[in-house]
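[1] need a 3D model of the following:
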Amino acid sequence: QVQLVESGGGLVQAGDSLRLSCAASGTPSDYPMGWFRQAPGKEREFVAAIRWSDTTYYSDSAKGRFTISRDNAKNTVYLQMNSLKPEDTAVYYCAVTRTYYGGSYYYKNAQSYDYWGQGTQVTVSS
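    Below you'll find the model as predicted:
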């Protein structure tokens with residue numbers, strides 16, 4: 001049984017940092033993984049993804065501020081978020097896909113992912 005458990009969300013002020021973690025179980029540790037977020041009244045949007053080769057992809061809003069990384073030994077993916085802004089407020093979800101050889105467009109698409117976590121709330125106050 002596949003399980004993804006996110007943690008690390010919380011309430012912070014603009015300019016602060018947070019590190020989200022997503023611990024996976026029931027899947028190979030080298031499956032590509034991604035982070036998405038969904039703000040109230042908005043569609044779920046791509047944030048970052050990382051392949052087994054450590055190739056990474058970022059949304060324009062995340063580039064330069066967020067860093068995705070993984071620890072295959074722990075089957076865990078991280079999202080380090082710096083210089084947080086109020087517009088980063090959302091529920092953050094991690095997801096895993098069984099496709100090793102997709103391209104940028106593939107990993108930025110929520111429909112490409114097979115399993116999802118329950119989400120962790122990130123709230124950034126101004």
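[2] got the phi/psi numbers for the closest residue to Gly26 other than its chain neighbours?
    Residue nearest to Gly26 in three dimensions, not counting chain neighbours: Val2, with 4.1 Å by CB to CB, 6 or more residues apart in numbering. Yep, even glycine has a C-beta here, placed from its N, CA and C like the rest. Dihedral pair for Val2: phi -80, psi 130, per degrees, to the nearest 10.
[3] run a quick neighbour tally on Val2.
    13 (other CB atoms under 10 Å).
[4] end to end on stretch 84-100, go ahead and measure it.
    31 Å (CA to CA, to the nearest Å).
[5] list of residues touching stretch 35-55?
    Contact partners of stretch 35-55, identified using CB atoms under 8 Å, 6 or more residues apart in numbering, comprise 20, 22, 30-34, 56-59, 61-62, 66-70, 72, 77, 79, 88-95, 100, 107-110, 119, 122.
[6] which residues does the spatially most central residue of the chain bridge with?
    Geometric centre of the chain, nearest residue: Trp35, 1.9 Å, by CA atoms, centre = their mean. On the basis of DSSP bridges, Trp35 takes part in beta bridges with Ala48, Cys94.
[7] try Leu11
    Thr123.
[8] my guess is it meets Thr123, correct?
    Yes. Shown here, Leu11 and Thr123 form a contact pair, counting by CB atoms under 8 Å, at 4.6 Å.
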